[in-house]
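Trainee: With the input below, show me the fold.
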Amino acid sequence: MKKLMTLLAVCLATACLCSCGKNFRAASLKNGFRSGMAITPGDLYDETSKKIIKNDCNILVYENNMKCGVLRPNKKFWNWSDIDLLVKFAQENKMAIKWHTLFWHQQNSPFLSSYWSREEAVAEMDEHITTIMTRYKGIISEYDVVNEMFNDDGTMRENIWYKTIGPDYIEHALIKAHEVDPDAKLYLNEYTNEEMGHPKADAMYNFVKDLKDRGVPINGVGMQLHLDTTIPCSEDAIRANLERYNELGLEISFSEVDIRIPTGEKKEENLPKQQEMYVMLYKLAKEMPNVKSVITWGISDKHSWVPATFAGKGDALLYDTKLQPKPVYTAVLNEISK
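Mentor: Numbering: from 1, shown residues only. Next up is the predicted model:
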């Protein structure tokens with residue numbers, strides 16, 4: 001009975017928003033960007049989650065199931081079933097799919113080795129790209145080719161591909177990905193790269209500008225935007241960063257958005273700041289022509305990664321633990337419906 005009442009509450013809230021002529025999915029497209037969420041295969045079997053996704057999303061990404069270690073737990077087995085499930089759902093509901101991620105320093109298959117020669121590593125990289133992008137050519141429209149390639153000070157992260165191939169591993173991956181699927185949009189994705197003037201943000205911009213100047217295929221940059229109400233955030237610095245990418249002709253995805261707040265006694269006083277920050281991001285997405293998607297990292301606070309990662313922090317998404325829209329959801333919807 002409790003489960004039924006929760007489902008009815010979500011349906012009523014969604015119906016109320018739609019009856020007012022406001023629809024998250026339609027409002028985002030009207031403003032030139034796609035709204036999306038990172039989801040799990042289990043969400044596609046849950047009726048409440050599916051209703052939310054259908055109402056709010058034009059683009060979907062898996063939180064973990066496209067990462068190498070989950071997709072290919074050993075050399076011989078590829079777990080396509082979860083991704084094929086997402087493809088089927090997205091096609092039935094006219095949604096785009098973003099692949100996250102081809103290469104990362106975490107969640108890798110155990111057979112990958114930092115002792116490979118350059119030739120062995122390039123061959124493995126090429127096989128990974130070719131196998132995935134051939135299978136989903138014309139189906140998956142954009143890819144995070146490499147995720148989190150910089151340290152906080154702007155130096156390059158020495159991941160397995162950097163160690164075996166060298167600093168040109170990113171360039172090689174982009175060129176190979178474009179060769180396999182010339183129509184797919186190719187992104188580099190990073191956190192703490194949203195504000196111009198931050199060492200990592202400037203390193204990313206300079207790196208991408210160099211790629212662009214040399215004709216290496218790249219379409220855009222993902223700014224994860226895992227933000228915190230207790231850490232200062234400059235709208236002007238974010239806007240300036242977006243503007244310089246726009247001058248390069250590069251797209252931006254707000255790719256993993258959540259805004260965490262303290263969950264203890266300071267929770268209530270941080271709610272207005274959270275709302276202000278969320279509205280600011282969606283306002284920027286409306287105003288900046290090169291922001292092409294805003295993707296929250298999860299559907300609701302029920303399964304968010306935040307509490308397990310940041311002690312004493314949480315409540316970072318637009319839906320609460322009962323999968324009901326929070327006041328911040330309504331504030332964002334009002335902003336993009338103007």
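Trainee: residue contacts, residue 184?
Mentor: 133, 137, 140-143, 177-178 (Cβ atoms under 8 Å, 6 or more residues apart in numbering). Any C-beta I mention is one placed from the backbone N, CA and C, and that applies to glycine too.
Trainee: And the pLDDT at residue 22?
Mentor: Listed pLDDT for residue 22 reads 79.
Trainee: Could you do the one 3 residues further on as well?
Mentor: At residue 25 the predicted local confidence, pLDDT, stands at 96.
Trainee: wait, doesn't it sit right on residue 53?
Mentor: No - with contact defined as Cβ atoms under 8 Å, residue 25 does not count as touching residue 53 (9.5 Å).
Trainee: where exactly do the strands run in the stretch 201-338 of the chain?
Mentor: With strands called from DSSP state E, counting those that start in this stretch, the stretch 201-338 of the chain shows them at 220-223, 226-228, 251-262, 291-296, 313-314.
Trainee: quick one, which of these is nearest to residue 80?
Mentor: strand 291-296 (22.6 Å; Cβ to Cβ).
Trainee: That closest one - which strands sit beside it in the sheet, and in what orientation?
Mentor: strand 34-39 (parallel), strand 251-262 (parallel) (DSSP bridges).
Trainee: mean confidence score for the strand or helix carrying residue 55?
Mentor: Using DSSP states H and E, the element containing residue 55 is helix 47-56. Averaged across helix 47-56, the pLDDT comes to 97.
Trainee: now the stretch 1-150 of the chain, which segments are flagged as low pLDDT?
Mentor: Low-confidence segments of the stretch 1-150 of the chain (pLDDT under 70): 1-21.
Trainee: of all the strands paired with strand 291-296, which lies closest to residue 120?
Mentor: Here strand 251-262 is closest among the strands paired with strand 291-296 (Cβ to Cβ), at 30.8 Å.
Trainee: how distant is the closest one from the center of its chain?
Mentor: 8 Å (Cα atoms, centre = their mean, to the nearest Å).
Trainee: can you give me the helices for this protein?
Mentor: Applying DSSP state H to the chain gives helices spanning 2-19, 24-30, 47-56, 68-71, 81-92, 118-135, 160-164, 169-180, 199-213, 235-248, 267-287, 306-309, 327-336.
Trainee: for those helices, which one sits closest to residue 189?
Mentor: helix 199-213 (9.9 Å).
Trainee: Report pLDDT for the residue nearest to residue 238 when sequence neighbours are not counted.
Mentor: With sequence-adjacent residues excluded and distances taken as Cβ to Cβ, 6 or more residues apart in numbering, residue 238 is closest to residue 194, at 5.1 Å. pLDDT, residue 194: 98.
Trainee: Wait, residue 194 touches residue 241, no?
Mentor: Yes - using Cβ under 8 Å, residue 194 is in contact with residue 241, at 6.2 Å.
Trainee: For the two, list the residues in contact with both.
Mentor: Common neighbours of residue 194 and residue 241, counting by Cβ under 8 Å, 6+ apart, are 201, 223.
Trainee: follow-up on the earlier one: let me know the angle separating the helix holding residue 55 from strand 291-296.
Mentor: 160 degrees (axes from the mean of the first three to the mean of the last three Cα atoms, to 10 degrees).
Trainee: What residues sit buried inside helix 47-56?
Mentor: 48-49, 51-53, 55-56 (16 or more other Cβ atoms under 10 Å).
Trainee: Relative to residue 153, which of the residues you listed is nearest.
Mentor: residue 56 (36.7 Å).
Trainee: And the spatially closest residue to that closest one that is not a sequence neighbour, how far from residue 288?
Mentor: Closest residue to residue 56 apart from its sequence neighbours, by Cβ to Cβ, 6+ apart: residue 24 at 4.3 Å. To residue 288, residue 24 is 19 Å away according to Cβ to Cβ, to the nearest Å.
Trainee: higher neighbour count, these two?
Mentor: Per other Cβ atoms under 10 Å, whichever of residue 24 and residue 288 has more neighbours is residue 24, with 23 against 18.
Trainee: State the distance from residue 284 to residue 92.
Mentor: For residue 284 relative to residue 92 (Cβ to Cβ), the value is 31 Å.
Trainee: The two: which is more packed in?
Mentor: Relative neighbour count places residue 284 above the other of residue 284 and residue 92, with 19 against 9, counting by other Cβ under 10 Å.
Trainee: Verify the contact between that one and residue 240 for me.
Mentor: No - shown here, residue 284 and residue 240 do not form a contact pair, counting by Cβ under 8 Å, at 11.2 Å.
Trainee: picking up where we left off before, now the contacts of residue 184 as CSV including neighbour count and distance to residue 272?
Mentor: Below are the contacts of residue 184 laid out as CSV (neighbours: other Cβ atoms under 10 Å; distance: Cβ to Cβ, whole Å):
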residue, neighbour count, distance to residue 272
133, 22, 44
137, 13, 46
140, 23, 38
141, 16, 37
142, 23, 34
143, 27, 37
177, 25, 42
178, 20, 45
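Trainee: Just give me the closest of the residues you listed to residue 213.
Mentor: Taking the contacts of residue 184 together and measuring to residue 213 by Cβ to Cβ, the closest member is residue 178, at 16.4 Å.
Trainee: The residue lying closest to the closest one once chain neighbours are set aside: what's it in contact with?
Mentor: If the residues on either side of it in the chain are set aside, residue 178 comes closest to residue 217, at 3.8 Å by Cβ to Cβ, 6+ apart. Contact analysis of residue 217 by Cβ under 8 Å, 6+ apart lists 174-175, 177-178, 186.
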